[in-house]
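Colleague: My questions concern the predicted model and sequence given below.
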Amino acid sequence: MAHDRNDPRGALVLFSGGQDSTVCLAWALQRYARVETLGFDYGQRHRIELDCRQTVRRELAAQFPAWGGRLGDDHVLELPLLARLGDSALTTERAIEMQANGLPNTFVPGRNLLFLTAAAALAYRRGLSVLVGGMCETDYSGYPDCRDNTLKALQVALSLGLDTPMTLDTPLMFLTKAQTWALADELGGSALNALVAEHTHTCYLGERGQRHAWGHGCGHCPACELRAAGHAAWVAAGGGAA
Ligand code: ZN
């Protein structure tokens with residue numbers, strides 16, 4: 001397990017209760033003196049992930065007391081605006097499929113731009129100067145608002161617009177899903193990986209369902225397939241061996 005670092009800054013983690021944001025939360029707890037969490041309720045079909053958030057926070061604090069000492073308040077912001085803009089398979093009952101522009105119809109235009117802007121405003125109020133998010137270019141659906149350059153530009157815009165440094169940390173940006181499992185292992189060993197598998201939620205359809213080696217989910221939606229494939233690749237590379 002990696003040693004804790006001592007960056008005196010405070011961080012706000014965009015924490016959905018999924019695998020990626022849980023690993024980001026652990027990463028932030030290992031690094032920053034004070035860490036708060038933020039979730040968004042935007043009418044997502046997989047609202048069950050909002051219920052997982054408190055369980056994950058509680059388990060992290062209980063199993064990793066040093067991190068528990070750094071874990072501060074949790075916040076939930078409602079953004080019903082996103083569902084009203086509508087027409088995404090993430091917020092409407094419809095099949096998940098590819099669109100003519102090469103993006104899956106789970107794409108919610110500008111979602112991460114809105115999330116990060118709202119997060120920056122909250123961070124400003126809370127005296128936090130780092131935003132941590134699980135956006136990822138590698139191995140993902142090609143969402144343009146998850147790309148490194150988009151977020152670098154947004155970091156500059158937010159820092160200028162708030163007239164205070166606002167750093168955007170994206171520790172998963174260039175990791176594959178298998179490497180995300182490996183990062184969890186590096187941060188918190190098998191205990192953290194077991195916590196991630198058992199308590200985080202990824203399935204787009206909001207199903208907890210059967211418990212697979214990689215966790216709970218329908219097993220067939222793009223999010224489940226990605227998570228399962230990443231776990232299988234990590235295990236094939238020797239990950240999780242006792
Ligand atoms: Zn699923």
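Modeller: Noted; the coordinates are in hand.
Colleague: can we go C-alpha only for contacts and neighbour counts from here?
Modeller: Fine.
Colleague: what residues does the protein put near the ion?
Modeller: Residues of the chain found near the ion (CA under 5 Å from the ion) are 203, 217, 218, 219, 221, 224.
Colleague: These in helices, which ones?
Modeller: residue 224 (DSSP state H).
Colleague: who wins for most neighbours among the residues of the chain next to the ion?
Modeller: Top of the residues of the chain next to the ion by neighbour number is residue 203, holding 27 neighbours under the definition other CA atoms under 10 Å.
Colleague: doesn't residue 217 make contact with it?
Modeller: Yes: contact criterion CA atoms under 8 Å: residue 203 and residue 217 qualify, at 5.2 Å.
Colleague: Identify the contacts common to the two.
Modeller: residue 224 (CA atoms under 8 Å, 6 or more residues apart in numbering).
Colleague: remind me, longest helix of the chain?
Modeller: helix 177-199.
Colleague: For it, C-alpha coordinates in CSV please.
Modeller: C-alpha atoms of helix 177-199 as CSV (Å, rounded to 0.1, in the frame of the first residue of the first chain):
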residue,chain,number,x,y,z
LYS,A,177,-10.1,0.0,-16.5
ALA,A,178,-7.6,-2.8,-15.6
GLN,A,179,-5.2,-0.1,-14.4
THR,A,180,-8.0,1.4,-12.3
TRP,A,181,-8.3,-1.9,-10.4
ALA,A,182,-4.5,-1.9,-10.1
LEU,A,183,-4.5,1.7,-8.7
ALA,A,184,-7.1,0.7,-6.1
ASP,A,185,-4.9,-2.2,-5.1
GLU,A,186,-1.9,0.2,-4.9
LEU,A,187,-3.8,2.7,-2.7
GLY,A,188,-5.6,0.4,-0.3
GLY,A,189,-4.6,-3.2,-1.1
SER,A,190,-7.1,-6.1,-1.4
ALA,A,191,-9.3,-4.4,1.3
LEU,A,192,-10.0,-1.4,-1.0
ASN,A,193,-10.5,-3.6,-4.0
ALA,A,194,-13.0,-5.8,-2.1
LEU,A,195,-14.8,-2.6,-1.0
VAL,A,196,-14.9,-1.3,-4.6
ALA,A,197,-16.3,-4.6,-5.9
GLU,A,198,-18.9,-5.0,-3.2
HIS,A,199,-20.2,-1.5,-2.5
